[in-house]
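> starting from these lines, generate the structure:
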Amino acid sequence: MTNTLPYRNVAGTTWRKIADAIEESIDRGAYPPHDQIPTVMALANEFGVNRHTVRQALQHLQRKGVVSIEQGRGTFVVDRAFDYKIAQRVRLQANLEPSSSDIEGTVIESEQWTANTRSAEHLALPVGQPLWSVTVLRRVNRHPISHSIILIDRERFPDFPRRLETRNGSPTAVFKSYGIADYVRLSTRIEARTADEELEAFLQLPPGVPLIVTRGLDGLPDGSPLQYIITSFASHRVQLVVENPASAE
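A predicted model of the protein is given here:
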């Protein structure tokens, strides 16, 4: 069989050379995003290797975020990670424009909390103040990209979860419904960590892919806090770009 994928006889581990060949084909557009690539058996025949070697190559590409191996369905090309800007104004829709990406935000849980010492300090509220804790899952082109927990003053925003549900999970739209036309990012902390089983399931993470976690405080332009958000990003689908706050509008 004639190879449809470039396969160079160069030094290196066989499975890695196969992975490089598949990735090169994806990069040159042979397999667009969401396309299914040939089966393990077809690739094994094409490269003249056993299936275990092909599986090693595909697992490597999955860890890199190039493909997604879906049990019982096959292996699919994933969208390359898009830039998510951390700047003075952090907005998912603005981050994706001018693309035509389909953005979906789903409220998966809302709970009534009271402010402990740390959350009270973040939100400039007294300890014991009633809070909402609202969990939102966001998808882009049907792929889950982030899991967010929003902490917000329940007395000031009494029906925040309901409004969030009816506005595609967009805090920006909810704040506008409360008469708040603009808000800014006051601070962001970024860390990397391993996902627990729950987040792995929500974000459909391949084995070994870490999370990027941001802890962001949003507030009014005068510096008054509005919401504290802990967001876990699927690191193979998102890369954070930190912009100069003074130049970001």
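> what's the average pLDDT for stretch 126-136?
Mean pLDDT, stretch 126-136: 97.
> dump that stretch to PDB, keeping only the CA atoms.
The C-alpha trace of stretch 126-136 is given here as PDB (Å, rounded to 0.1, in the frame of the first residue of the first chain):
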ATOM      1  CA  PRO A 126     -18.200  40.800  56.000                       C
ATOM      2  CA  VAL A 127     -17.600  37.200  57.100                       C
ATOM      3  CA  GLY A 128     -21.000  35.400  57.000                       C
ATOM      4  CA  GLN A 129     -22.400  37.400  54.100                       C
ATOM      5  CA  PRO A 130     -24.700  35.300  52.000                       C
ATOM      6  CA  LEU A 131     -23.100  34.200  48.700                       C
ATOM      7  CA  TRP A 132     -23.900  32.400  45.600                       C
ATOM      8  CA  SER A 133     -21.600  29.700  44.400                       C
ATOM      9  CA  VAL A 134     -22.400  29.000  40.700                       C
ATOM     10  CA  THR A 135     -20.700  26.400  38.600                       C
ATOM     11  CA  VAL A 136     -20.600  27.000  34.800                       C
END
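> chain center to it, what's the gap?
Offset of stretch 126-136 from its chain centre (CA atoms, centre = their mean, to the nearest Å): 24 Å.
> same check on stretch 146-160?
20 Å.
> how far does it stretch from start to finish?
Using CA to CA, to the nearest Å, the end-to-end distance of stretch 146-160 comes to 20 Å.
> any idea of the mean pLDDT in it?
97.
> go on, stretch 186-193?
Here stretch 186-193 scores 92 as its mean pLDDT.
> how far away is residue 217 from residue 232?
From residue 217 across to residue 232, the span is 17 Å (CB to CB, to the nearest Å). C-beta: built from backbone N, CA, C; applies to glycine.
> equivalent analysis for residue 73, please.
On the measure of CB to CB, residue 73 and residue 232 end up 25 Å apart.
> return the residues in contact with the spatially most central residue of the chain.
By CA atoms, centre = their mean, the chain has its centre lying nearest to residue 145, at 2.5 Å. Applying CB atoms under 8 Å, 6 or more residues apart in numbering, one finds that residue 145 lies in contact with 138, 139, 203, 233, 234, 237, 238.
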